[in-house]
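Enquirer: For reference, the sequence and a predicted model appear below.
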Amino acid sequence: MLKALSSPRRPPSEVMIVGAMAIAVLALHLATNGQYDFHRDSLYYMDSARHPAWGYVDYPPVTPTIARFSLWLFGASVRGLRLWPSIAGAGMVVLAALIARELGGGRSARLLAAAGAATSLVLLGANWLFQTVTFDQVVWLSCLWIVARLLRTGDKRLWLALGAAIGIGIETKYTVIGLILGLTVGTLASQLRRDLTSPWPWLGLGAAFLIFLPNLLWQVGNDWPSVQYTLNHKSNQSVDFSPITFLAQQLALIGPIAIPVWVAGLYWLLRSPARRMLGVAAMVTFVLFLFTGKSYYVGPLHPFLIAAGACALEEWTQKRWRWLRVGTGAALTVQAIVLLPLTLPILPEPVMARSPLAPIRTDFADTVGWHDLVAQVAVVYRGLTKDEQARVVILTDNYGEAGAINTYGRELGLPNAVSGELSYYYWKPSSLDGPVITVGIDPTFLVTLFGQCRQVGTISNSYDLHNQEFGAPLAICRQPKYPLDQLWPRLKAFR
């Protein structure tokens, strides 16, 4: 265990520099956040916020709760919703410096750690999107910071703080379970296992369980939908879960210049008995997701290992080659600037939509065309009689389409859309006694549900961008072949 020492007071200049980096990251996000429309996931989170619950099919309740607060404060505002991940991204710059401090890093290591987080491709690429990913990253780095402080100080009360952070993490994104397993193995493989004879780790475990309990009860009451989703999603995404794909994509997530620092950080943690627990935890978590997860699941490890690499670089260049510290920070900055069009929405939307960038960075493509889609559905809706409009149901294939209609459709007079996908399955309509406007659903599937279906158009967008919605059919269906309670389960899609 690291020797308990009082932390040296940081020079004001260091605080100012780290703060300036965090503010620069926040300013960069605020300057670019309004470029593109909502991402399909953000539309889903806002609809989830309109249906408060202790759980949802594919994520826990923290992110929809933040979305609910944002809707209350700003309404359905792109800039308003993206403010929260932007603030989180700036906060992680400070967290990286704090982690380096707890690992024993000096001033140059702390500044390089902050620079590594400020220029991190995985953080920049995630923190303009309102998704569970950003808030999950904050939880991981907070947990790793608490563990680093526990190792340095030996203060067993920090186990309680760690338990609370883990509990919030489970309520944010279930992938934190991978970090929990890594920390567990790291604890058992290090001197920190001696703490297990004290009550503090178990109190922390109890705190985590109490925070997670409402979601657990929701899972039990709804027949474990998140487990169903995870199993289905894994089987449907075999390419994404390939270890080769996983490793190849780390090059883009970490960045070629940052990889040597990342490797140095892992080596530096593993070679020291005092820090080995964190190295083992990082390695176990990485290997676990290498075979069971998507490449971005381990994204929060990258700024952590860059912070450790900054400490290693400082230690190894005490007597010579000190210029490497500044040179590394400068190289990371140049890398981030060169790759900025791939990480942030800096190009105007028309330029992006008509460039090769959209198919490369599908998150960009997933922001295009929502207003067009809703307008096209409104044209179909207006073609119905007044009586039909009063009884119509809009049924979509996926949550992006439903979320767009429910966000933008009200001003065009549209009723809320429904879907069988993910959590929308629990928000079914009260009846299907009128016409059904279907959006994006395969016509060959529709004929198994309705006695009469007529395609009335296809979805397009202003830029002719061939994203997930482009070319999907619009249809009007009537005469359902089953009562609603029998038809609705056929639409269930936990995929």
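Expert: Received the coordinates, thanks.
Enquirer: Can you give me the buried ones in stretch 328-339?
Expert: For stretch 328-339, the neighbour count (16 or more other C-beta atoms under 10 Å) marks T328, G329, A331, L332, Q335, A336, L339 as buried. No exception for glycine: its C-beta is placed from N, CA and C like everyone else's.
Enquirer: Could you list which of those residues belong to helices?
Expert: Among the buried residues of stretch 328-339, the ones falling in helices (DSSP state H) are T328, G329, A331, L332, Q335, A336.
Enquirer: Is it possible to get those residues out as JSON lines so that each row also shows distance to G182?
Expert: Shown next, in JSON lines, are these (distance: C-beta to C-beta, whole Å):
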{"residue": "T328", "distance to G182": "26"}
{"residue": "G329", "distance to G182": "28"}
{"residue": "A331", "distance to G182": "29"}
{"residue": "L332", "distance to G182": "25"}
{"residue": "Q335", "distance to G182": "27"}
{"residue": "A336", "distance to G182": "27"}
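Enquirer: so where do the helices sit in the stretch 351-495 of the chain?
Expert: Per DSSP state H, counting those that start in this stretch, the stretch 351-495 of the chain carries helices over the ranges 357-360, 362-365, 370-382, 386-391, 399-408, 443-446, 484-487.
Enquirer: For the nearest residue to S120 once chain neighbours are set aside, grab the count of nearby residues.
Expert: With sequence-adjacent residues excluded and distances taken as C-beta to C-beta, 6 or more residues apart in numbering, S120 is closest to P303, at 5.1 Å. For P303, the count of nearby residues is 30 (other C-beta atoms under 10 Å).
Enquirer: list the contacts for P303?
Expert: By C-beta atoms under 8 Å, 6 or more residues apart in numbering, the contact set of P303 is M92, L95, A96, A113, G116, A117, S120, V122, L123, Q137, L141.
Enquirer: do V377 as well
Expert: By C-beta under 8 Å, 6+ apart, V377 lies in contact with I394, I405, G409, L414, I437, V439, L474.
Enquirer: same question, L344
Expert: Counting by C-beta under 8 Å, 6+ apart, L344 touches L28, H29, T32, L124, G125, W128.
Enquirer: And W323, by the same measure?
Expert: Residues near W323 by C-beta under 8 Å, 6+ apart: none.
Enquirer: Look at it and report its pLDDT.
Expert: Looking at W323, its pLDDT reads 82.
Enquirer: Equivalent analysis for the one 5 residues further on, please.
Expert: The predicted structure scores T328 at 94 on the pLDDT scale.
Enquirer: Distance check, L121 against L357.
Expert: Counting by C-beta to C-beta, to the nearest Å, the gap from L121 to L357 is 15 Å.
Enquirer: Who has more neighbours out of those two?
Expert: Shown here are L121 and L357; by other C-beta under 10 Å, L121 has more neighbours (24 against 16).
Enquirer: ok, now which ones touch that one?
Expert: A252, L253, I254, G255, A258, Q335, A336, L339, L342, T343.
Enquirer: Compute the distance between E314 and S198, please.
Expert: For E314, the distance to S198 - C-beta to C-beta - is 33 Å.
Enquirer: what about these two, which has more around it?
Expert: It is E314, of E314 and S198, that has more neighbours when counted by other C-beta under 10 Å, with 23 against 12.
Enquirer: Once you drop chain neighbours, what's closest to the more buried one?
Expert: Nearest residue to E314, sequence neighbours excluded (C-beta to C-beta, 6+ apart): A109, at 4.0 Å.
Enquirer: And the contacts of the helix or strand where the one you found lies?
Expert: A109 is part of helix 107-118, with elements assigned from DSSP states H and E. By C-beta under 8 Å, 6+ apart, the residues outside helix 107-118 that reach it are 10-11, 14, 17-18, 21-22, 24-25, 92-97, 99-101, 103, 105, 123, 258, 261, 303, 306-307, 309-311, 313-314, 325, 328-329, 332-333, 336.
Enquirer: how about 7 Å then?
Expert: Helix 107-118 is contacted from outside by 11, 14, 17-18, 21, 24-25, 92-93, 96-97, 99-101, 105, 123, 258, 261, 303, 306-307, 310-311, 313-314, 325, 328-329, 332-333, using C-beta atoms under 7 Å, 6 or more residues apart in numbering.
Enquirer: ok, now stretch 385-397?
Expert: Applying C-beta under 7 Å, 6+ apart, the contact partners of stretch 385-397 are 377, 381, 384, 402, 405, 414-415, 417-419, 429, 432-441, 472.
Enquirer: Using PDB, write out every CA atom in that stretch.
Expert: Taking C-alpha atoms only, stretch 385-397 is exported to PDB below (Å, rounded to 0.1, in the frame of the first residue of the first chain):
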ATOM      1  CA  THR A 385     -60.100  12.200 -42.700                       C
ATOM      2  CA  LYS A 386     -60.800  14.100 -39.400                       C
ATOM      3  CA  ASP A 387     -62.400  11.000 -37.900                       C
ATOM      4  CA  GLU A 388     -59.300   8.900 -38.900                       C
ATOM      5  CA  GLN A 389     -56.900  11.500 -37.500                       C
ATOM      6  CA  ALA A 390     -58.700  11.300 -34.100                       C
ATOM      7  CA  ARG A 391     -58.100   7.500 -34.000                       C
ATOM      8  CA  VAL A 392     -54.800   7.100 -35.800                       C
ATOM      9  CA  VAL A 393     -51.800   5.400 -34.300                       C
ATOM     10  CA  ILE A 394     -48.300   6.100 -35.600                       C
ATOM     11  CA  LEU A 395     -46.200   2.900 -35.300                       C
ATOM     12  CA  THR A 396     -42.400   3.100 -36.000                       C
ATOM     13  CA  ASP A 397     -39.800   0.500 -36.500                       C
END
